[in-house]
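> only geometry, no sequence info:
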Ligand SMILES: [Zn+2]
Ligand SMILES: [Zn+2]
């Protein structure tokens with residue numbers, strides 16, 4: 001693995017959490033490192049840091065390990081924008097920095113791409129899988145060795161930190177009888193329903209509507 005001083009252990013920890021070495025994980029690792037450096041912060045033990053990720057790919061695992069912002073603590077926010085962009089907010093400093101991957105950084109040559117497709121389709125031979133793993137590892141290493149500023153556009157942003165996580169009580173859903181967070185229950189035709197039951201109710205009502213319209217149309 002790459003020599004990156006004391007941070008070598010940190011990347012190993014990310015690999016341990018994620019399960020494999022890949023360019024995406026290296027991107028997340030580098031993003032977390034540079035964002036924490038820009039803000040002058042260390043890994044969050046509580047909620048003083050908030051991470052916002054704009055994709056759900058490999059790199060977000062490194063963001064969680066490195067920043068200590070996790071899905072479960074409520075200080076890890078996923079925005080499904082399909083962008084390799086990561087924002088870190090330091091509550092006590094009232095600052096936020098965003099890193100967005102520069103175009104071309106994750107580009108692969110044709111043979112790497114062809115192998116990637118084969119591996120994803122499950123059509124790669126053991127030899128091809130080995131070659132793919134090597135190419136993927138090499139790309140990850142190049143990313144780990146790169147200057148973060150060459151990888152990302154990095155800028156200070158103004159982002160409201162979301163309210164700190166609160167413990168909210170649960171109550172029973174009238175539809176399924178399962179406990180759900182009180183603020184997630186809604187009143188539907190006099191019943192208090194969880195989101196799943198409210199959706200089911202809504203979609204079955206819609207189906208009935210369509211059926212009746214059709215019937216009327218046929219008459
Ligand atoms: Zn991965
Ligand atoms: Zn329910």
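Sure thing, it's come through. From a predicted model like this one, the values you see are computed outputs, not experimental measurements. Residues are numbered from 1 along each chain as shown. Ligands and ions are numbered 1, 2, ... in the order given.
> can we go C-alpha only for contacts and neighbour counts from here?
Noted.
> Near ligand 1, which residues of the chain? Just list them.
22, 58 (C-alpha under 5 Å from the ion).
> can we see that at 8 Å?
Within reach of ligand 1 by C-alpha under 8 Å from the ion, the chain has these residues: 18, 19, 20, 21, 22, 23, 24, 25, 57, 58, 59.
> who's in contact with the residue minimising distance to the centre of the chain?
Central residue of the chain (C-alpha atoms, centre = their mean): residue 56, 3.4 Å from the mean position. For residue 56, the contacting residues are 78, 80, 82, by C-alpha atoms under 8 Å, 6 or more residues apart in numbering.
> what kind of secondary structure is it in?
Following DSSP: H, G, I helix; E, B strand; the rest coil, the label given to residue 56 is coil.
> And it, how far from ligand 2?
27 Å (C-alpha to the ion, to the nearest Å).
> swap in residue 124?
Remark: distance between residue 124 and ligand 2 (C-alpha to the ion) = 44 Å.
> pLDDT score for the residue nearest to that residue when sequence neighbours are not counted?
Nearest residue to residue 124, sequence neighbours excluded (C-alpha to C-alpha, 6 or more residues apart in numbering): residue 118, at 5.1 Å. pLDDT, residue 118: 92.
> any idea which element residue 118 lies in?
Secondary-structure element containing residue 118, defined by DSSP states H and E: helix 110-121.
> now the helices: where do they sit in this protein?
8-18, 23-39, 59-67, 110-121, 126-145, 148-151, 195-218 (DSSP state H).
> hmm, back to that, measure how the helix holding residue 118 sits relative to helix 126-145, angle-wise.
Using axes from the mean of the first three to the mean of the last three C-alpha atoms, to 10 degrees, the inter-axis angle of helix 110-121 relative to helix 126-145 is 120 degrees.
> Could you report the neighbour count for residue 167?
Counted by other C-alpha atoms under 10 Å, the residues lying close to residue 167 total 7.
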